[in-house]
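[1] Only the shape, not the letters, is given here:
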């Protein structure tokens, strides 16, 4: 990927993170940008983003679990996503699973 593509990609992640208030993604993206090297940005894109998003997703799921008004089914689905302990399980729960339980 050329320099322009790297700049566009890092800007996209940071913009989305700011919209979602994803603190870990913002922190890690900022660190990669401040490092000022293509390698730091590439590392963020290849693994840092996924791990930072995982951290933010855990916070989001714990916020759901902290709500005393959620249904038993939603609580069970959120707990299962946490117990699975993978970035993919939490992302799926937040994007799809919680809505499937509610419907």
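    Right, received. Where do you want to start? Bear in mind that the values here come from a model prediction, so they are computed numbers and not experimental data. Numbers count the residues shown, from 1 in each chain.

[2] What residues does the spatially most central residue of the chain make contact with?
    Centroid check for the chain by CA atoms, centre = their mean gives residue 53 as the closest residue, at 2.3 Å. The contact partners of residue 53, taken as CB atoms under 8 Å, 6 or more residues apart in numbering, are 22, 24-25, 87, 91. C-beta: built from backbone N, CA, C; applies to glycine.

[3] which of the residues you listed has the most neighbours?
    Neighbour counts for the contacts of residue 53, by other CB atoms under 10 Å, peak at residue 25, which reaches 26 neighbours.

[4] Just the buried positions in the helix or strand harbouring that residue, please.
    Using DSSP states H and E, residue 25 sits in helix 23-35. Residues of helix 23-35 classed as buried: 24-26, 28-29, 32-33 (neighbour count, 16 or more other CB atoms under 10 Å).

[5] got it, and stretch 41-59?
    So, applying 16+ other CB under 10 Å, buried residues of stretch 41-59: 41-42, 44-45, 48-49, 52-58.

[6] With secondary structure and pLDDT as new columns, can those residues be given to me in a markdown table?
    Converted to a markdown table, the buried residues of stretch 41-59 look like this (DSSP: H, G, I helix; E, B strand; the rest coil; pLDDT from 0 to 100):
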| residue | secondary structure | pLDDT |
| --- | --- | --- |
| 41 | helix | 90 |
| 42 | helix | 92 |
| 44 | helix | 91 |
| 45 | helix | 89 |
| 48 | helix | 91 |
| 49 | helix | 91 |
| 52 | helix | 94 |
| 53 | helix | 93 |
| 54 | helix | 95 |
| 55 | helix | 95 |
| 56 | helix | 95 |
| 57 | helix | 95 |
| 58 | helix | 96 |
